[in-house]
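>>> Got a predicted structure plus its sequence, pasted below:
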Amino acid sequence: MQFYYGNQMPLRVLDEAEFWKHQEEEHTVVIRELVTNLEQKYVDALKEWEKSFKHTHQQVVRYIETVNRTEGQVSQALFQDILQLTTFCLQQSEQFIQFCRTMTEESKPISSNPTAQVVMNHIIVESEYFIGGAQTILYQK
């Protein structure tokens, strides 16, 4: 994430969230496709995560469209809503990371597949990257 946006930085997180929520949605598919013998409970959970990320991605896109329509005149209420959505996105990613860690530890097809383990670690690192950027924005004063 670039940090030269100054006081527009909270709006920049929408661009980041839009990209990363789509990535996380795709990651659920990557895991299912890579680990073909994945336990059904994890397949089902990944499908639910996919739906959740898609829904969040759509919310972020709506906010981006709203911000674009304000032509830079973002109200305090909209600003607060953006921060609230950012907080939700961050928490969602934290929960997904925990799910991925649990799955990596408990799923036999993943724990016995070095390639799957590398992919899972990569997915976790990418979600952690988003969290780091989102936290930077949320904690700026």
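Structure's in. What do you need?
>>> Which SSE is immediately downstream of the helix or strand harbouring residue 96?
In this assignment (DSSP states H and E), residue 96 forms part of helix 76-106. Sequence order places helix 108-111 as the next helix or strand after helix 76-106, per DSSP H and E.
>>> Please identify the buried residues of that next one?
By neighbour count on 16 or more other CB atoms under 10 Å, the buried set for helix 108-111 is residue 110. Heads up, the C-betas are built off the backbone N, CA and C, glycines and all.
>>> That helix - contacts with which helices or strands?
Helices and strands touching helix 108-111, by 3 or more CB pairs under 8 Å, 6 or more residues apart in numbering; DSSP states H and E, are helix 76-106, helix 114-138.
>>> per-residue confidence averaged over the host helix or strand of residue 28?
Assigned by DSSP H and E, residue 28 belongs to helix 9-34. Averaged over helix 9-34, pLDDT sits at 90.
>>> Report the distance from stretch 118-127 to the chain centre.
12 Å (CA atoms, centre = their mean, to the nearest Å).
>>> With residue 73 as the reference, measure out to the residue most central in space within the chain.
The residue lying closest to the centre of the chain (CA atoms, centre = their mean) is residue 21, at 4.0 Å. Distance of residue 21 to residue 73, computed by CB to CB, to the nearest Å: 26 Å.
>>> again with residue 79
For residue 79, the distance to residue 73 - CB to CB - is 11 Å.
>>> Need the residues that contact stretch 50-66.
With contact meaning CB atoms under 8 Å, 6 or more residues apart in numbering, stretch 50-66 is reached by 14-15, 17-18, 21-22, 24-25, 28-29, 78, 81-82, 85, 88-89, 92, 96.
>>> filter those to the buried ones?
Buried members of these, scored by 16+ other CB under 10 Å, are 14, 17-18, 21-22, 24-25, 28, 82, 85, 89, 92, 96.
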